[in-house]
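1. need coordinates for the following:
(chains A and B)
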Amino acid sequence: AQSVTQPDIHITVSEGASLELRCNYSYGATPYLFWYVQSPGQGLQLLLKYFSGDTLVQGIKGFEAEFKRSQSSFNLRKPSVHWSDAAEYFCAVGAPTGTASKLTFGTGTRLQVTL
Amino acid sequence: DSGVTQTPKHLITATGQRVTLRCSPRSGDLSVYWYQQSLDQGLQFLIQYYNGEERAKGNILERFSAQQFPDLHSELNLSSLELGDSALYFCASSARDRDRGFYEQYFGPGTRLTVT
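-> As a prediction, this is how the structure comes out:
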């Protein structure tokens, strides 16, 4: 069964600083990987996804993530954080089982941005 | 706006009651998923429907059931509600899936259920 670990529950960065959120997954085959962001009281918005190919993927809002198979990681990065990036970030792995395709989420990392 | 709509936005009810949550997927999406988000369990997959048929089941209680109608909207029915069922319930939809294919899921704004 697949699983996702987000080791950092809470991270605080200063506006303008770089950001890296960690995500480790467990899955037997090539995973489908996702990062979602949830602002307070909001639903989940897809930031980016990795299905195959180039291991560095670009997403919305200036985010990128790098898939590293050897480390079973899919870390999310942003070179310069904006105050509006404060939210909770979820890494997820998708594993098709026949024609089903559920997502397994990590526990999330809450990002706080100081001005 | 993801294009996935959920109603109602908030629901407050008492223990033992039954409620129905509704979801309309993005136009053209055939797959609908339900997830539960709670403080102690995090985000958990409940169930998936594809074009009216159940495709996958996760940690869904027997007191919970779902269905997808011919117009592709879906309903999640929660019965004999307990305090622990208080949570945010999300619906997501994805494009038509092929055998062994995978498409990204787009989430609705959620329904916050409070059981008192």
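2. CA only for contacts and neighbour counts going forward, please
-> OK.
3. what about residue 2, how many residues nearby?
-> The chain I'm using is chain A. Residues lying near A:Gln2 (other Cα atoms under 10 Å in any protein chain shown) number 16.
4. switch to chain B, please.
-> Counted with other Cα under 10 Å, the neighbours of B:Ser2 add up to 17.
5. which non-adjacent residue is nearest the residue of chain B found nearest chain A?
-> Proximity of chain B to chain A (Cα to the nearest Cα) peaks at B:Pro109, 4.1 Å away. Leaving aside its chain neighbours, B:Pro109 sits nearest to A:Gly43 (4.1 Å; criterion: Cα to Cα, 6 or more residues apart in numbering or on different chains).
6. would you point out which residue is most central in the chain?
-> Since you didn't name a chain, this refers to chain A. By Cα atoms, centre = their mean, the mean C-alpha position of chain A lies nearest to A:Trp35, the distance being 3.2 Å.
7. oops, I was thinking of chain B
-> Closest-to-mean residue, chain B, Cα atoms, centre = their mean: B:Trp34 / 2.7 Å.
8. picking up where we left off before, got the contact list for the residue nearest to B:Pro109?
-> By Cα atoms under 8 Å, 6 or more residues apart in numbering or on different chains, the contact set of A:Gly43 is B:90, B:107-110.
9. again with B:Leu88
-> Counting by Cα under 8 Å, 6+ apart, B:Leu88 makes contact with B:36-38, B:110-113.
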